[in-house]
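Q: coords please:
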Amino acid sequence: MTVTPDKIPPQAQDRKPGLESKMEPQPEYDYSGYKASGKLQGKVALITGGDSGIGRSVAVLYAKEGADVAIVYLNEHEDAKETKRLVEAEGRRCLAIAGDIKGEKFCQDAVQQTVKELGKLDILINNAAEQYKEESIETVDAERLGTVFATNIFSMFYFAKAALPHLKAGSSIINTTSVVAYKGNEALLSYATTKGAILAFTRSISQSLLEKGIRVNAVAPGPIWTPFIPSTFPPDQVAEFGKQVPMGRPGQPWEVATSYVFLASDDASYIAGQVLHPNGGVVVNA
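A: Below is the predicted model:
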């Protein structure tokens, strides 16, 4: 059952990143109607931000489709432990790697650890990000701006660079951008700007990697019920979250994760440099 707007009570979390275990109601990472068909059988995926939200849902659905998974996260150990349990409950292996993706050395080490422990790497999901509510450009702090860019876009360069020697023809890279890359968001200026950069990164790198048979695409979610929301916005805004889109409600992580399944599978063999838009009916210009 999908959460409707009137079922989200006002709430807030003081820490960043937020914790899924503290959210009410809990985000839906899976749903009973999902029918796996082995689309990713025998594959190995590395998912940044895989402990919660969209990343958790992608990890679970990938496991259902037959993939082993490495999840990279900052310090949300409780959430990561639960995601690992969920993946292993599907009969697949899960490697949980904690660390800060702002540093290239850590990104390199995470890739190497994945290959060492899980045997190879077929799918890279660049999903981790951070965001801050900003009233205007006058309130943007220079140091925090650098942090947002380092987490949201620089890390994608680091992971793609580290993963490339292990990827082969048929492999896939999927980046998480956002509807705000197309629509903008005055209260999320730095975050929205990085999401625009991810769009350009996806389109650019996809062209250079096609000669290797590696497909690069992106997903641009709309308002999705994840720990991002109570850890960014005040309680009254959380209670109204998602009501602005045509569908009139926030999306659930599983409603986005299916796009990542499709893009990583052979069903998307003729798709590269593109963006899917699970955003509740918002019309955007490509």
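Q: do a quick rundown of the helices in the stretch 51-200 of the chain.
A: Secondary structure of the stretch 51-200 of the chain (DSSP state H, counting those that start in this stretch): helices at 53-64, 77-89, 104-118, 142-149, 155-163, 180-183, 189-209.
Q: got the angle for the fifth one vs helix 189-209?
A: Orientation note: helix 155-163 sits at an angle of 30 degrees relative to helix 189-209 (axes from the mean of the first three to the mean of the last three C-alpha atoms, to 10 degrees).
Q: what's helix 155-163 packed up against?
A: The contact analysis (3 or more C-beta pairs under 8 Å, 6 or more residues apart in numbering; DSSP states H and E) places helix 155-163 against strand 44-48, helix 104-118, strand 123-126, strand 172-176, helix 189-209. (Glycine included, C-beta is placed from N, CA and C.)
Q: now with 7 Å, please.
A: In terms of contacts (3 or more C-beta pairs under 7 Å, 6 or more residues apart in numbering; DSSP states H and E), helix 155-163 is packed against helix 104-118, strand 123-126, helix 189-209.
Q: what of the longest one?
A: Secondary-structure packing of helix 189-209 (3+ C-beta pairs under 7 Å, 6+ apart): helix 142-149, helix 155-163, strand 172-176, helix 180-183, strand 215-219.
Q: right, and the helix or strand after the last one?
A: Tracing the chain past strand 215-219, the next element assigned as helix or strand by DSSP states H and E is helix 235-239.
Q: dump the helices and strands packed on helix 189-209 to JSON lines, plus mean neighbour count.
A: Converted to JSON lines, the helices and strands packed on helix 189-209 look like this (neighbours: other C-beta atoms under 10 Å):
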{"stretch": "helix 142-149", "mean neighbour count": "14"}
{"stretch": "helix 155-163", "mean neighbour count": "21"}
{"stretch": "strand 172-176", "mean neighbour count": "26"}
{"stretch": "helix 180-183", "mean neighbour count": "20"}
{"stretch": "strand 215-219", "mean neighbour count": "25"}
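Q: need those in a markdown table (columns: distance to Lys120 and mean pLDDT).
A: Converted to a markdown table, the helices and strands packed on helix 189-209 look like this (distance: least, C-beta to C-beta, whole Å; pLDDT from 0 to 100):
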| stretch | distance to Lys120 | mean pLDDT |
| --- | --- | --- |
| helix 142-149 | 31 | 94 |
| helix 155-163 | 11 | 98 |
| strand 172-176 | 13 | 98 |
| helix 180-183 | 31 | 95 |
| strand 215-219 | 17 | 98 |
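Q: indicate which one of the ones you listed is closest to Ile125.
A: Ranking these by proximity to Ile125 (C-beta to C-beta) places strand 172-176 first, at 5.2 Å.
Q: look up how far Tyr191 lies from the residue nearest to Gln244 when sequence neighbours are not counted.
A: Distances taken as C-beta to C-beta, 6 or more residues apart in numbering put Pro223 closest to Gln244, at 7.4 Å, once the chain neighbours are dropped. Distance from Pro223 to Tyr191, counting by C-beta to C-beta, to the nearest Å: 13 Å.
Q: I am finished for the moment; much appreciated.
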